[in-house]
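Participant: Structural data only, the sequence is not supplied:
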């Protein structure tokens, strides 16, 4: 059995963005997919400009990829002329992501076909966990989810995702930019050069966002899914 993870994600409060801002967002999402394709075996696509689907062929890499996606989107600079209460949700949360783990009965990059358990689990979870909207505010409890046919695995991974959610949702755009570059394998010195800042600043920002905990979480995720691959 060759299980995969499918990431399904929808942009939070995308309706608060103007047509121009949505175009910028879509271009950034395409750039993000191209960026990830350089380092990971993935297939990603954008649906209706604000919904992302991505097949992660090596499941052990999925959490790293999910954090990169969330941080990349949170670091996007959109110069809103008028900032509304809903547009703040986009800046604070960026995207909701569900990781679905299971088989793909049909997976063809050329024909753009994705079908099977993994995409069903991720898509269903995103639908189940939609934020509550009313006239005054959006109620968002969590933005990272895991779903499979193994309830024990679900509980273990969702516990980790819940803690990561707190760290990432409280992170600034600059901290998110530094974090996703670090997760893509850049050293602190390389990040400093890319962003034209000092290396101690990079180190301080990584510490503030909880880099040690995030690194341990991704390592645990990798070892867990590598072990599952051996079992299957």
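Facilitator: Looks like it arrived, so ask away. Fair warning: this is a prediction, and the values are worked out from it, not measured in the lab. Numbering: from 1, shown residues only.

Participant: same for the helix or strand where residue 216 lies, what does it pack against?
Facilitator: Element membership of residue 216, judged by DSSP states H and E, is helix 211-231. If you count contacts as 3 or more Cβ pairs under 8 Å, 6 or more residues apart in numbering; DSSP states H and E, helix 211-231 packs onto helix 62-74, helix 151-169, helix 173-183. Yep, even glycine has a C-beta here, placed from its N, CA and C like the rest.

Participant: What are the contacting residues of the last one?
Facilitator: Translated: helix 173-183. 64, 67-68, 70-72, 74-77, 91, 168, 171, 188, 190-191, 194-195, 202, 205-206, 208-209, 211, 214, 218 (Cβ atoms under 8 Å, 6 or more residues apart in numbering).

Participant: what pLDDT, on average, does that helix get?
Facilitator: The pLDDT scores in helix 173-183 average 97.

Participant: hang on, the earlier thing: ok, and for the helix holding residue 216, which residues are buried?
Facilitator: Buried residues in helix 211-231, counted by 16 or more other Cβ atoms under 10 Å: 211, 214, 217-218, 221-222, 224-225, 228.

Participant: Residue 25 touches residue 14, doesn't it?
Facilitator: Yes - Residue 25 is within contact range of residue 14, at 7.4 Å (criterion: Cβ atoms under 8 Å).

Participant: one step back: next, the angle helix 62-74 makes with the helix holding residue 216.
Facilitator: Per axes from the mean of the first three to the mean of the last three Cα atoms, to 10 degrees, the angle that helix 211-231 makes with helix 62-74 is 140 degrees.

Participant: what is the mean pLDDT for helix 211-231?
Facilitator: The average pLDDT within helix 211-231 is 94.

Participant: so where's this structure shaky on pLDDT?
Facilitator: Scanning the chain for pLDDT under 70 picks out 1, 79-87, 131-139, 231-232.

Participant: Which residue would you name as the spatial centre of this structure?
Facilitator: Note on the chain: the residue nearest the mean C-alpha position is residue 66, at 3.1 Å, using Cα atoms, centre = their mean.

Participant: I figured that one was touching residue 144, is that so?
Facilitator: Yes - between residue 66 and residue 144 there is a contact at 6.8 Å, judged by Cβ under 8 Å.

Participant: between these two, what contacts are shared?
Facilitator: Residues touching both residue 66 and residue 144 (Cβ under 8 Å, 6+ apart): 97, 99.

Participant: How about the contacts made by the residue nearest to residue 210 when sequence neighbours are not counted?
Facilitator: Nearest in space to residue 210, with sequence neighbours left out and distances taken as Cβ to Cβ, 6 or more residues apart in numbering, is residue 167 at 4.5 Å. Neighbouring residues of residue 167 by Cβ under 8 Å, 6+ apart: 209-210, 213-214.

Participant: Since that was my last question, I'll sign off now.
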